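[1] prediction below, plus the sequence it came from.
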Amino acid sequence: MLHIAKWKIYLIVMVCLFGLFYSSPNVMSEQTRTWIGEHMPGWVPKKTVNLGLDLQGGSHLLLQVEVDEVIRERSEGLVQSLRPELRENRIGYTRIAALPNGLRLTLRDGTDIDLVRKLVRSLEQNIDIVISDDNRIVEAKYNEMGLKAITDQTIDQSIEIVRRRVDETGTREPAIQRQGDSRIIVQLPGLDDPSRIKDILGKTAKLTFHLVDVDAASSGKSRSSSLELPLLEQPGQTLPIQRRAMLTGDMLIGAQPSFQQGMPVVSFRLNGIGAKRFCDVTKKNVNKPFAIVLDGEIVSAPNINGAICGGSAVITGSFSVQETNDLSILLRAGALPAPLKILEERTVGPSLGADSVAAGKIASLFGLVFILIFMIAAYGLFGIFANIALFVNVTLIFALLSSLQATLTLPGIAGIVLTIGMAVDANVLIFERMREEFKQGRSVLSSIESGYKEAMSTIVDANMTTLIAAMILFSFGTGPIKGFSVTLGIGIMTSFFTAIMVTRLLVVLWARKTKPDTLPI
């Protein structure tokens, strides 16, 4: 009656060995893991569970994404795009201006209103158009769907670029996620001084290249086609540049800190389109100044000595080595779609994290010891089998967390402690069912078989409902709630495997070898 296919036995043993193998780095010293990484093949595990901010200390930043700035730029872009369309279709107007979330157009003749509506719709889909009674004033504003699409796109792009910038600095396992409509949480475990990260995140890194307006600079009179920007190297001084950017930062495909004539510079490379445009611009404007603008400031304005057609160039300025490194990071990661404002900053000391780890260890140890004692006292030899499965369960949890490079937080430890308590629940149901069947006169082997068979539906229902709850917590929760749900969900799956497969294998092997006449419960 009791039979387990050989392939199932091999599978159970392999999974148990996987748990022991991949969880072992968590009990190794840092030196041992380093030696393994340097001398052993790549498949040998050396990854450990990453401790979260509340366990090892670090920095917590709450960032506000200025989405209104993006909407304003989109509105101005809509105005710039509509102007040539109106000229091309010979539609007369007296005024066109950008609104905070759209534009207002005043027409000379109300008969062109249908064509204007069509042109606006061709430029933006998610926009509401309101027309005055005389058909001369048109207000086009982004509707709720359009504003949400812009917000979501801006937040997603900001999170990705923030992640690139933080990763470039070498910070390990940062936690970066959205909070609410327009905020981003950045948690940096192990980083006690976030000043450099704050400087890097605070810069939009919008890079553009402009020709200097030589006529305006020489006459000292500003023109509508020029723009006055401050000089970074000369505080208090400004320089007029042409409004139209000849090159933009999105044409860069690489940037590295370097040295030129003993001075720190940033070397960069352009993509095919940027290289061709750079070549054409420099060829036509030899001996003219070319301004490099970063976040609304002129970093430098060197003269073009000759055509630059290789697709590579350098950014010079009064940089330190650290500044060239930070600027390279910003350019490689890309420009933020919107400015970021730091709303909140917290630093968690490593001593508090160490206390949390110690408290979590004590709680887990006490829970584990009490469960081990209870199972042996209540179920004897079968309790020992359940305890062995519980040990395998814990190793599998840490093996999966290490393999996934998950970040363990204090709520995550709570999820593991809860899992330890729940892990033996399935065995309790099975063993109690065995005892009932044996009391009703069944044989030992029949009682064991019936215990696993009859308790299965109850175990599946209990684990499935808890797993659904964990999935809901993960889907709608944030931060600590997600950490709790991850460890709980992993623990449910591993405890189901160990309770059904591992204990069953141990019980079957014991029953085949001893052929007992009574249950050792």
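    Right, received. Where do you want to start? For clarity, every value in this text was computed on a predicted model and none was experimentally measured.
[2] how about V266, what does it touch?
    If you count contacts by C-beta atoms under 8 Å, 6 or more residues apart in numbering, V266 has them with A255, Q256, P257, S258, V314, I315, F319, T324, L327, S328, L331. In short, each C-beta sits where N, CA and C put it, glycine included.
[3] secondary structure element for it?
    Assigned by DSSP states H and E, V266 belongs to strand 263-270.
[4] top of the contacts of V266 by neighbour count?
    L327 (25 neighbours; other C-beta atoms under 10 Å).
[5] excluding chain neighbours, what is closest to that residue?
    The shortest distance from L327 to any residue that is not its chain neighbour, by C-beta to C-beta, 6 or more residues apart in numbering, is 5.2 Å, and that residue is V266.
[6] before we move on, the earlier item: got the CA coordinates for the strand holding V266 in CSV?
    Presented in CSV, the C-alpha positions along strand 263-270 are these (Å, rounded to 0.1, in the frame of the first residue of the first chain):
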residue,chain,number,x,y,z
MET,A,263,43.0,67.9,-16.0
PRO,A,264,40.0,65.8,-15.1
VAL,A,265,37.5,65.8,-18.0
VAL,A,266,34.5,63.7,-19.1
SER,A,267,34.8,61.8,-22.4
PHE,A,268,31.6,60.8,-24.2
ARG,A,269,30.5,59.0,-27.3
LEU,A,270,27.5,59.7,-29.5
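[7] quick one: name whatever helix or strand follows that strand.
    helix 272-284.
[8] other SSEs contacting that next one?
    Contacts defined by 3 or more C-beta pairs under 8 Å, 6 or more residues apart in numbering; DSSP states H and E place helix 272-284 against strand 207-211, strand 247-248.
[9] what pLDDT does Y10 get?
    pLDDT for Y10: 90.
[10] I'd guess it is in a strand, am I close?
    No: counting by DSSP: H, G, I helix; E, B strand; the rest coil, one finds Y10 to be helix, located in no strand.
[11] check contacts around Q157.
    Residues in contact with Q157, defined by C-beta under 8 Å, 6+ apart, are L336, P337.
[12] what's the domain layout of the chain?
    Domain assignment for the chain by automatic domain parsing gives 6-54+349-514, 72-141, 207-318.
[13] end-to-end on the shortest one?
    Translated: domain 72-141. The straight-line separation of the ends of domain 72-141 (C-alpha to C-alpha, to the nearest Å) is 11 Å.
[14] stretch 242-262 now?
    Terminal residues of stretch 242-262 are spaced 32 Å apart (C-alpha to C-alpha).
[15] residues contacting that stretch, please?
    Stretch 242-262 is contacted by residues 205-213, 225-227, 264-271, 273-274, 277-278, 281, 290, 293, 314, 316, 321, 324-325, 327-328, 331-332, 334-335 when judged by C-beta under 8 Å, 6+ apart.
[16] buried members of the residues you listed into PyMOL, please.
    Command for PyMOL, covering only those of those found buried under the criterion 16 or more other C-beta atoms under 10 Å:
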select buried, resi 205+206+207+208+209+210+211+212+213+226+227+264+265+266+267+268+269+270+274+277+278+281+290+293+314+316+324+325+327+328+331+332+334+335
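[17] low-confidence ranges, the stretch 301-450 of the chain, go.
    Residues of the stretch 301-450 of the chain that meet the criterion pLDDT under 70 lie in 317, 330-331, 333-335, 348-354, 356-357.
[18] hmm, try it at 50
    Scanning the stretch 301-450 of the chain for pLDDT under 50 picks out nothing.
[19] which parts of it are strands?
    Along the stretch 301-450 of the chain, the stretches classed as strands by DSSP state E, counting those that start in this stretch are 312-315, 340-348, 407-408.
[20] which parts of the helix or strand containing W35 are buried?
    According to DSSP H and E, W35 maps onto helix 30-39. Residues R33, I36 are the ones in helix 30-39 that count as buried (16+ other C-beta under 10 Å).
[21] first-to-last residue distance for stretch 434-448?
    Start-to-end, stretch 434-448 (C-alpha to C-alpha) is 6 Å.
[22] and that stretch, how far out from the chain's middle?
    53 Å (C-alpha atoms, centre = their mean, to the nearest Å).
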